[in-house]
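Here's a sequence, model it:
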Amino acid sequence: MIFAHAPAGYLLSRFVRPRRGPAWAFMLGGVTPDFDVPYFALFGPPVATHHYYSPLHWPLTWLALGVALLVLAKRAGPAAQLTLRALLAGIALHLCLDTVTWNIYWAAPFDFTPLKLTDPTQLARAWPWNFLTHWTMLLEAGICAAAAWMFASERKGSAGSVSARSRAVASP
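Residues are numbered from 1 along each chain as shown. Reported below is the predicted structural model:
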């Protein structure tokens, strides 16, 4: 996945019933593991290898950090717990989506055996064309389209219900 992480987080927030946590937390979690990309783009090894070098893409890092933060969040109350759970769910979704086309090291830092389901880079073209012409780009486009459709339909539905309520209040 390259650009569908935030839309996927939004979709996840809409499919979790009853709504458990704010949509922004799911979406932020969806992009949090990639907070290391600017560093690797400027100073580190090639960005394509950041899943190997960065603990932000190691699921065990998030498992340990998540457990510790959930214990601390108990003191902050139910709203903080729901928000943190939504953030962690978005992070887990990011790692699962990255496993489709990028190496994820699920047991790092103890074992660096990579796991990915398909490899768009195996085609004999420059890497942008490999990704743009691979079937996983349709998956990303589908995720983005579904999120846009859901967002638009929710906005349309909420606008209609607001105007219906205001008419009901305005009428005698």
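
Output the contacting helices and strands for the lowest-mean-pLDDT helix or strand in the chain.
The weakest-scoring helix or strand in the chain, judged by mean pLDDT, DSSP states H and E, is helix 127-132 (a mean of 71). With contacts taken as 3 or more CB pairs under 8 Å, 6 or more residues apart in numbering; DSSP states H and E, helix 127-132 sits against no other helix or strand. Quick note: C-beta positions are derived from backbone N, CA and C, even for glycine.

Pull out the buried positions in it.
Applying a neighbour-count criterion of 16 or more other CB atoms under 10 Å, one finds N130, F131 buried in helix 127-132.

Equivalent analysis for stretch 66-80, please.
Buried residues in stretch 66-80 (16+ other CB under 10 Å): G66, L69, A73.

So which of the residues you listed are in helices?
G66, L69, A73 (DSSP state H).

Just give me the closest of those to I91.
Distance to I91, by CB to CB, is smallest for G66 among those, at 7.8 Å.

Give me the most central residue, this protein.
The centroid of the chain falls nearest to G30 when counting by CA atoms, centre = their mean (2.0 Å).

For the helix or strand where it lies, name the packing helices and strands.
For G30, the enclosing helix or strand under DSSP states H and E is helix 23-31. Secondary-structure packing of helix 23-31 (3+ CB pairs under 8 Å, 6+ apart): helix 5-15, helix 78-101.

Who are the packing partners of the longest one?
For helix 78-101, the contact count by 3+ CB pairs under 8 Å, 6+ apart identifies helix 5-15, helix 23-31, helix 59-76, helix 135-170 as packing neighbours.

redo that, cut-off 6 Å
Helices and strands touching helix 78-101, by 3 or more CB pairs under 6 Å, 6 or more residues apart in numbering; DSSP states H and E, are helix 5-15, helix 23-31, helix 59-76.

quick one: buried residues of it?
For helix 78-101, a neighbour-count test (16+ other CB under 10 Å) marks 81-95, 97-99, 101 as buried.

Kindly report the same for stretch 29-46.
Result for stretch 29-46 [16+ other CB under 10 Å]: buried residues G29, G30, V31, T32, P33, D34, D36, F40.

and those as a markdown table, adding distance to H134 and pLDDT?
Output for the buried residues of stretch 29-46, formatted as a markdown table (distance: CB to CB, whole Å; pLDDT from 0 to 100):
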| residue | distance to H134 | pLDDT |
| --- | --- | --- |
| G29 | 25 | 97 |
| G30 | 21 | 97 |
| V31 | 21 | 97 |
| T32 | 25 | 97 |
| P33 | 21 | 95 |
| D34 | 19 | 92 |
| D36 | 24 | 86 |
| F40 | 22 | 79 |
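
Thank you kindly, that will do.
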